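Participant: Everything below, folded, please.
(one chain, ligands or ions: 3)
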Amino acid sequence: MHGQTGIEPRTLQTQTDDCWLAAATKSKIPDRFAQAVVDIVGSENVSTTDAVREQHGHDESYHTTSPPDIVAFAESTEHVSQVAKLCNDHEVPLIPFGSGTGLEGGINALKGGLCLDLSKMKKILSVHPEDFDCTVEAGVTRVTLNNYLRDTGLTFPIDPGADASVCGMCATSASGTNAVRYGTMRENVLNMEVVLPDGRVIHTAGKGRRTKKTSAGYNLTNLFVGSEGTLGIITQATLRLHGIPEATISAVCSFNTIQEAVDSTVQILQMGIPIARIEFLDEVSVDACNRYSKLDMKVAPSLFFEFTGSPDTLDKQAEVVKDIASMNGASEFKWASKPEERNQLWKARHDILYACMALNPGSKPYSTDVCVPISNLPEVITRSKEAIQKAGVIGPIVGHVGDGNFHVFFPTDRSNPEEVKKISDVSVYMAQIAMELDGTCTGEHGIGMGKRGLLQQEIGDEGMEVMKQLKSTFDPKGIMNPGKVFPE
Ligand SMILES: Cc1cc2c(cc1C)N(C[C@H](O)[C@H](O)[C@H](O)COP(=O)(O)OP(=O)(O)OC[C@H]1O[C@@H](n3cnc4c(N)ncnc43)[C@H](O)[C@@H]1O)c1[nH]c(=O)[nH]c(=O)c1N2
Ligand SMILES: CC(=O)C(=O)O
Ligand SMILES: [Mn+2]
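Facilitator: Residues are numbered from 1 along each chain as shown. Ligands and ions are numbered 1, 2, ... in the order given. Just a heads-up that it's a prediction; the model follows:
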């Protein structure tokens with residue numbers, strides 16, 4: 001890689017550029033290539049400083065930093081297209097960067113190359129309240145979008161907790177606490193503008209289309225959702241919006257055992273109750289949450305609920321849920337109907353990753369993310385808990401149990417290889433139990449660099465072969481985010 005560019009060198013203009021050139025030499029990117037990037041996006045949008053490369057060489061996970069050689073900030077689809085073509089012509093690895101909140105090492109530049117940061121593309125291009133959709137540029141984040149939408153009475157509900165970029169969420173097929181009610185990114189993206197590595201710009205559902213359904217040809221939209229920057233760069237997304245519910249209440253209750261909590265979840269869903277959120281915390285994560293978010297929940301396996309709708313349907317839903325949970329041994333039901341109480345509860349839930357890391361100061365998150373059909377959830381959680389205890393590691397369990405999806409957030413000391421090995425063994429074991437029980441090794445965080453071997457097991461050799469063929473159709477030179485998704 002990093003072949004000679006053959007591009008005519010141009011005189012560097014400014015003091016900033018001189019500094020940048022010195023750093024570029026250090027980063028081993030050929031000067032002429034770096035100059036061509038400057039020519040496309042402007043010198044203010046290029047950096048090869050150690051600090052910026054380091055910042056772009058890791059996400060929020062435990063994976064060791066792998067900095068790119070050069071970071072470019074795109075301000076338009078045209079910038080993205082020209083940079084992609086340049087990288088493709090010169091076989092330079094190209095890694096799209098959203099907000100860097102991923103948890104599987106998706107942005108780590110394993111083979112160096114150019115990191116294309118899309119955070120400056122932050123226009124909200126259109127909102128159609130009457131059609132419940134909007135179109136945004138790649139760098140718009142979930143929180144920015146929802147602040148913008150507030151006065152329309154609409155919301156984009158997919159909620160990974162972190163303030164991820166919307167197109168990063170497309171790229172990882174993100175979801176979070178609301179998926180039980182609204183689905184994941186897969187169900188909520190109607191169209192995307194994508195730049196292919198050779199610079200071509202496509203619209204996955206056809207330019208300007210924003211229908212709720214289509215039978216027109218292959219589903220390119222869902223091919224790019226979850227593609228983790230390995231097929232192209234998503235520069236715009238057209239999203240489904242939803243009405244902000246008339247009324248909302250939240251509740252927390254605790255159980256004597258994990259089994260009771262998980263059995264309650266399964267029964268609540270099997271009854272068809274249209275719950276908006278149902279989140280599980282084991283006693284280790286409740287304890288972490290109490291300490292970090294200054295709450296005083298009983299330290300026991302617990303469920304967090306949210307009910308939405310009209311005030312009278314809410315009360316009925318909540319009553320049935322309370323009955324089911326009580327029959328399974330629930331106690332300590334606490335209701336939160338005021339917005340500030342609800343916000344405190346859900347903020348604590350969203351901060352759990354950090355609460356778990358605080359159990360082992362200085363640690364980084366090694367997160368598991370298995371998902372199974374709901375009826376298999378009790379078995380996979382129970383067996384995972386046994387494995388964590390046997391390994392003797394700190395392993396708080398937190399789950400979007402309404403989707404059959406849960407995580408263990410191992411606070412991992414990267415400087416302790418024995419600990420990393422134990423955690424990795426439990427993590428692989430959990431994924432294998434999930435697969436044995438008709439599930440997947442990742443419900444929402446993606447494959448990244450951490451789960452490539454597991455993907456091979458999950459999809460099988462022939463399925464992987466077809467995925468590779470698809471990859472080489474879009475990216476014949478293999479420049480897009482190399483070292484991710486596919487085992488090498
Ligand atoms: C505290 C906390 C809590 C959560 C989570 C993180 C953290 C820190 N996450 C994980 C994370 O927020 C999620 O994976 C986001 O979708 C990542 O979006 P970023 O914009 O940060 O992508 P980031 O920049 O991290 O990139 C992730 C991957 O997508 C690719 N990519 C990014 N932008 C792209 C683009 N425009 N085009 C093509 N490829 C692109 C990258 O190359 C990389 O492979 C999560 N997730 C979840 O699903 N559910 C959850 O509950 C949570 N909860
Ligand atoms: C980190 C994550 O996925 C969660 O808190 O659910
Ligand atoms: Mn999650």
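Participant: okay, and for the protein, where does confidence drop off?
Facilitator: Within the chain, the stretches with pLDDT under 70 are 1-27.
Participant: Point out the residues in the stretch 101-250 of the chain that sit beside ligand 1.
Facilitator: Residues of the stretch 101-250 of the chain found near ligand 1 (CB under 6 Å from any ligand atom) are 101-103, 106-107, 118, 138, 160-162, 164-165, 167-169, 171-172, 174-176, 228-229, 233-234. No exception for glycine: its C-beta is placed from N, CA and C like everyone else's.
Participant: just checking, which of those residues belong to strands?
Facilitator: Here DSSP state E is the test, and those give 233-234 as lying in strands.
Participant: Also near ligand 2: which of the residues of the stretch 101-250 of the chain next to ligand 1, exactly?
Facilitator: When contact is defined as CB under 6 Å from any ligand atom, those meet ligand 2 at residue 161.
Participant: So which of the residues of the stretch 101-250 of the chain next to ligand 1 are in helices?
Facilitator: Under the assignment DSSP state H, these contribute 167-169, 171-172 to helices.
Participant: Can I get the buried part of the residues of the stretch 101-250 of the chain next to ligand 1 as one PyMOL selection?
Facilitator: To isolate the buried ones among these in PyMOL, judged by 16 or more other CB atoms under 10 Å, type:
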select buried, resi 101+102+103+106+107+118+138+160+161+162+164+165+167+168+169+171+172+174+175+176+228+229+233+234
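Participant: What's the first helix or strand after the longest helix seen in the chain?
Facilitator: Of all segments of type helix in the chain, defined using DSSP H, the longest is helix 417-436. Elements were assigned by DSSP states H and E; along the chain past helix 417-436, the next helix or strand is helix 452-459.
Participant: next SSE after that next one?
Facilitator: Helix 452-459 is succeeded, C-terminally, by helix 461-474 (DSSP H and E).
Participant: Can I get that next one in CSV? Just the C-alpha atoms.
Facilitator: This file holds the C-alpha atoms of helix 461-474, laid out as CSV (Å, rounded to 0.1, in the frame of the first residue of the first chain):
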residue,chain,number,x,y,z
ASP,A,461,-17.7,-20.5,5.0
GLU,A,462,-20.0,-20.2,2.1
GLY,A,463,-21.8,-17.2,3.5
MET,A,464,-18.5,-15.5,4.2
GLU,A,465,-17.4,-16.3,0.6
VAL,A,466,-20.5,-14.4,-0.7
MET,A,467,-19.8,-11.5,1.6
LYS,A,468,-16.2,-11.3,0.3
GLN,A,469,-17.5,-11.4,-3.3
LEU,A,470,-19.8,-8.5,-2.5
LYS,A,471,-17.0,-6.6,-0.8
SER,A,472,-14.7,-7.0,-3.9
THR,A,473,-17.5,-5.8,-6.2
PHE,A,474,-17.7,-2.5,-4.3
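Participant: Serialize the ones in helices among the residues of the stretch 101-250 of the chain next to ligand 1 to CSV and add fields for distance to residue 387.
Facilitator: CSV is the format used below for these (distance: CB to CB, whole Å):
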residue, distance to residue 387
167, 36
168, 31
169, 30
171, 31
172, 26
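Participant: between these, which is closest to residue 220?
Facilitator: If you rank those by distance to residue 220 using CB to CB, residue 171 comes first, at 14.3 Å.
Participant: Hmm, residue 232 and the closest one touching each other?
Facilitator: No. Residue 171 lies out of contact with residue 232 (CB atoms under 8 Å); the separation is 9.7 Å.
Participant: Give me the distance between whichever residue of the chain sits closest to ligand 1 and ligand 2.
Facilitator: Closest residue of the chain to ligand 1, CB to the nearest ligand atom: residue 168 (2.1 Å). To ligand 2, residue 168 is 14 Å away according to CB to the nearest ligand atom, to the nearest Å.
Participant: repeat for residue 127
Facilitator: The spacing between residue 127 and ligand 2, counted by CB to the nearest ligand atom, is 28 Å.
Participant: Show the backbone phi and psi for the residue nearest to that residue when sequence neighbours are not counted.
Facilitator: Spatially, and ignoring its direct neighbours in sequence, residue 127 is nearest to residue 134 (4.3 Å; CB to CB, 6 or more residues apart in numbering). Per-residue torsions, residue 134: phi -150, psi 160 (degrees, to the nearest 10).
Participant: Just list the residues touching residue 134, thanks.
Facilitator: By CB atoms under 8 Å, 6 or more residues apart in numbering, residue 134 lies in contact with 124-128, 145, 149, 156, 238-239, 241.
Participant: ok, what's across the strand from it?
Facilitator: residue 127, residue 239 (DSSP bridges).
Participant: What's the local residue count around the nearest residue to residue 391 once chain neighbours are set aside?
Facilitator: Distances taken as CB to CB, 6+ apart put residue 422 closest to residue 391, at 4.7 Å, once the chain neighbours are dropped. Residues lying near residue 422 (other CB atoms under 10 Å) number 19.
Participant: Could you tell me which residues make contact with the closest residue to residue 109 other than its chain neighbours?
Facilitator: In this structure, residue 109 finds its nearest non-sequential neighbour in residue 68, 3.8 Å apart by CB to CB, 6+ apart. Counting by CB under 8 Å, 6+ apart, residue 68 makes contact with 53, 56-57, 93, 95, 109, 112-115.
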